[in-house]
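In: this is a predicted model, with the sequence first.
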Amino acid sequence: MTPFASHTMVFLALSMASVWEGYPINRSSALSVCVVDSQVEWNEINAAWGQTLLLVATVAEKLNFQFEGYVLHPMGSVSKIEEIKVDPSNPNAPPKSTILELFSSGDLPLGRLFMHRKLDAAMVAFLECLRQLGDFAEAHDANLKLPYK
């Protein structure tokens, strides 16, 4: 039986990642996502990213999918994505590995225009991993069509 024959895992994943909309707090799996007229603490944001990365890593593992150029490291509120780059001009050279931190301490250095570059780079990598996983799932299940491109 292929991983796509049973949708049990998908339903489980969706129930884990449910987003509830309500007033004044929107929640994702009991973590605050948006608090009206208030700031969300960094520990909440970091934990939400950690849960999201764990969900994507778990779905990829259940589908026996390997990300191209990335290794996910779900570690709770200090999760990381490892970006692996191969030099196209020298394919025999060892690949270069960069750790992208999918969390922030929230420190805002004075005079800095771009304060969360590491987190920004990790979020871009996360979206690329999500795209790769979505393309893989769509290619293996004709009934699946993701609502974004």
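Out: Good, I have the coordinates. Numbers count the residues shown, from 1 in each chain.
In: contacts and neighbour counts: CA atoms only from here.
Out: OK.
In: which residues of this protein score low on pLDDT?
Out: 1-38, 108-116, 149 (pLDDT under 70).
In: can you list the helices and strands that the strand or helix carrying residue 81 packs against?
Out: In the assignment (DSSP states H and E), residue 81 maps to strand 80-85. Strand 80-85 sits against strand 70-73, strand 96-101, helix 117-140, with contacts defined as 3 or more C-alpha pairs under 8 Å, 6 or more residues apart in numbering; DSSP states H and E.
In: now that strand: buried residues?
Out: 80-83 (16 or more other C-alpha atoms under 10 Å).
In: what sits up against that strand?
Out: 69-74, 95-103, 122, 125-126 (C-alpha atoms under 8 Å, 6 or more residues apart in numbering).
In: again, only using 10 Å
Out: Residues external to strand 80-85 that are found in contact with it (C-alpha atoms under 10 Å, 6 or more residues apart in numbering): 49-50, 53, 68-74, 94-103, 119, 121-123, 125-126, 129.
In: what of stretch 129-143?
Out: By C-alpha under 10 Å, 6+ apart, stretch 129-143 touches 2-5, 53, 56-57, 59-60, 63, 65-72, 81, 123-128, 144-146, 148-149.
In: go again with 6 Å.
Out: residue 144 (C-alpha atoms under 6 Å, 6 or more residues apart in numbering).
In: list the buried residues of it.
Out: 129-134, 136-137.
In: and what of stretch 62-74?
Out: 63, 66-67, 70-74.
In: let me have the residues you listed in TSV, extended by distance to residue 39.
Out: Below are these laid out as TSV (distance: C-alpha to C-alpha, whole Å):
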residue	distance to residue 39
63	37
66	36
67	34
70	31
71	31
72	28
73	27
74	25
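In: residue 88: which of the residues you listed is nearest?
Out: residue 70 (16.5 Å; C-alpha to C-alpha).
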